[in-house]
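>>> Structural data only, the sequence is not supplied:
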């Protein structure tokens, strides 16, 4: 696999994720250009030496002329306007996205732009900062980048999107949209809610408590500092999966509360959490195991990629 | 205030906290020596150039001969044996501790060693590692060290314990035991439970989910990796305060679940969490404001210290 996509990349939305992607691809010598509705953001990007514009039709006309890969990189709540514009001006471009849910984005693309060549994506990278000033071309280095892999996914389009993720420095995790959304609820969206409630309970106690707060509070509440509108857009777009993980969280905390009240012990919740954290450290701490023996395009390649992804393996080309 | 305690320091228990304290004080030229029941720990400490022994009566006899400050640094569950030994062999020594709850320790000291000169303490520092190998003489640098400050606290004894905290590199937070325990439940013990349940829900979803896990999961579950027996000893000793914060956590998550289910929105929990995190960052991010205009020993000094501590100020001497 070549590390560089064979065509230009057009990025719609230049916040933390889209902006970092524009920088990374451009810095690597790939022809990349971006759109943002905010003029200050565009000015900042241009000042930093990148190609950006706040005129969406012009950016999309350029994408169509270049046969660019178009990347949706706005918050979920802004997608409908953007997808409609893509349909009107760059309908034949290969379309992907970097939004944190996949089923709802696929549904939106299917409804607003039914003829789209679309392969979804989601880089598992971010900080609690947002906006162009927070962008970092190294943001995706070694990150996991989910790429939608269904039984009807086109091999060439999949390879183009997976190649984009690789060019950004990431490993490719091939998964179905619903499996991704359940996973994202469990390891990203639910942690945002537990961080938020942990912060609220701590701050509600007293300023003395916040003065005494150390590592467990600092790390455990970090993502509660993310801009609230971005958190809402992300969490509310994945509400069904999130309801399930949130209900399980409440059930487990209630069982812990009952055990603490009735027996004075927290053994079960502490032991379960310790075992889970150790398993995470095993998977995240080791170099990723590559997916092997799959040729993209061979019969059943999509199923086989997904099967190996469930073994925590990654595609590296 | 002199940065160096005027007398030797005897540390009972050489795990992460006690061991780091032995190293810090010894490295600063303060006469310090320690006890641990485990011979391999003592051997490691001695090999690293520190004074340590696994023979408790000998260590305590030395403490009595030196009029040392005795620091209880074992897990809560081992305290009764240790306090009894202190009473039998070094009854006149000034006693303090570094245990993560204060009311239960004070109750234990009062019951087992009623004549003790005791001023409690708790350095808000730690990692998810434990044991001598994890010790770090810089662990307490810039940390908050709670020192028990009640209306009957003796000025000289308080100054000796506060001076010990300062010598270790920490700021002193003067508080009553019950206020400390409520604060510790809110900003340390409750975060251990939310980290544990967040880890469990994530790992329970799939290995694919753990493969996709990024910063929010990594940071939000870190303390779930702490040794389970240490977590249990810490949390169960503060069960009453922890029951309150845990119940509030459950109530807030349940309200969030209902809002998400009925209205599809997570505005309240996200906004509350963001505001709380910002307040924490304001307090933790700035240089600590010193307590002013209090002379230790003047009438009402204990009340005035506590009052200013509730304004998030610290005592620096």
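The structure has been received and is ready for your questions. If you're wondering where the values come from, they're calculated on a predicted model, not measured in any experiment.
>>> contacts for the helix or strand containing residue A:305?
Secondary structure assignment for residue A:305, by DSSP states H and E: helix A:301-309. By Cβ atoms under 8 Å, 6 or more residues apart in numbering or on different chains, the surrounding residues in contact with helix A:301-309 are A:149-151, A:153, A:155, A:158, A:173-176, A:179, A:291-292, A:294-296, A:315, B:208, B:211. C-beta: built from backbone N, CA, C; applies to glycine.
>>> residues near the residue in the stretch 51-200 of chain A that chain B sits nearest to, how many?
In the stretch 51-200 of chain A, the residue that lies nearest chain B is residue A:196 (2.5 Å; Cβ to the nearest Cβ). Residues contacting residue A:196 under the criterion other Cβ atoms under 10 Å in any protein chain shown number 32.
>>> Report the residue ranges of every domain in chain A.
By the assignment in automatic domain parsing, chain A contains the domains A:9-176+A:289-309, A:181-285.
>>> can you give me how far the longest one is from the chain middle?
To tie it back to what came earlier, the one meant is domain A:9-176+A:289-309. Distance of domain A:9-176+A:289-309 from its chain centroid, counting by Cα atoms, centre = their mean, to the nearest Å, is 10 Å.
>>> Would you mind measuring the gap between the ends of that domain?
26 Å (Cα to Cα, to the nearest Å).
>>> same deal with the shortest one?
Domain A:181-285 has an end-to-end distance of 23 Å (Cα to Cα).
>>> Looking at it now, give me its mean pLDDT.
On average, the pLDDT along domain A:181-285 is 97.
>>> correct me, but residue A:11 touches residue A:71?
Yes. Contact criterion Cβ atoms under 8 Å: residue A:11 and residue A:71 qualify, at 4.7 Å.
>>> what is in contact with those two at once?
Common neighbours of residue A:11 and residue A:71 (criterion: Cβ under 8 Å, 6+ apart): A:18, A:21.
>>> of the two, who's got more company?
The neighbour comparison of residue A:11 against residue A:71 (other Cβ under 10 Å) goes to residue A:11, with 30 against 26.
>>> Summarise which helices and strands the helix or strand harbouring that one is packed against.
Assigned by DSSP H and E, residue A:11 belongs to strand A:9-12. Strand A:9-12 makes packing contacts with helix A:16-27, strand A:32-35, helix A:56-66, strand A:69-72 when contacts are defined by 3 or more Cβ pairs under 8 Å, 6 or more residues apart in numbering or on different chains; DSSP states H and E.
>>> a markdown table for the ones you listed, including mean pLDDT and distance to chain B?
Below are the helices and strands packed on strand A:9-12 laid out as a markdown table (pLDDT from 0 to 100; distance: least, Cβ to the nearest Cβ, whole Å):
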| stretch | mean pLDDT | distance to chain B |
| --- | --- | --- |
| helix A:16-27 | 97 | 12 |
| strand A:32-35 | 98 | 23 |
| helix A:56-66 | 98 | 28 |
| strand A:69-72 | 98 | 19 |
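>>> mind listing what's buried in the helix ranked longest in chain A?
Assignment by DSSP state H gives helix A:239-263 as the longest helix of chain A. For helix A:239-263, the neighbour count (16 or more other Cβ atoms under 10 Å in any protein chain shown) marks A:239, A:241-242, A:244-250, A:252-253, A:256-257, A:260 as buried.
>>> Any part of it near chain B?
Yes. Helix A:239-263 lies within reach of chain B by Cβ under 8 Å from any Cβ of the partner chain, at A:239, A:242-243, A:245-250, A:252-254, A:256-257, A:260-261.
>>> What's the local residue count around residue A:36?
By other Cβ under 10 Å, neighbour count at residue A:36 equals 28.
>>> Next, work out how far apart it and chain B are.
23 Å (Cβ to the nearest Cβ, to the nearest Å).
>>> which of the domains of chain A sits most buried?
domain A:181-285 (a mean of 22; mean count of other Cβ atoms under 10 Å in any protein chain shown).
>>> my guess is the residue of the stretch 51-200 of chain A closest to chain B meets residue B:270, correct?
Yes. Applying Cβ under 8 Å, one finds residue A:196 in contact with residue B:270, separated by 5.7 Å.
>>> Can you tell me what sits against stretch A:172-181?
Contacts to stretch A:172-181, defined as Cβ under 8 Å, 6+ apart, come from residues A:101-103, A:106, A:120, A:122, A:124, A:144-150, A:162, A:165-166, A:183, A:238, A:241, A:291, A:302, A:305-306, A:308-310, A:314-317, B:206, B:208, B:211-212.
>>> do that again at 7 Å, thanks
A:101-103, A:106, A:120, A:122, A:144-150, A:162, A:165-166, A:238, A:241, A:305-306, A:309, A:314-315, B:208, B:211-212 (Cβ atoms under 7 Å, 6 or more residues apart in numbering or on different chains).
>>> Then stretch A:274-281?
Stretch A:274-281 is contacted from outside by B:199, B:200, B:202, B:203, B:210, B:213, B:221, B:224, B:225, B:228, using Cβ under 7 Å, 6+ apart.
>>> ok, so of the residues you listed, who is nearest residue A:130?
Set against residue A:130, the nearest of the contacts of stretch A:274-281 by Cβ to Cβ is residue B:213 (20.6 Å).
>>> how near is that closest one to residue B:16?
26 Å (Cβ to Cβ, to the nearest Å).
>>> At which residues are the strands of chain A located?
A:9-12, A:32-35, A:52-53, A:69-72, A:94-97, A:117-118, A:121-123, A:144-148, A:171-175 (DSSP state E).
>>> No further questions, thank you.
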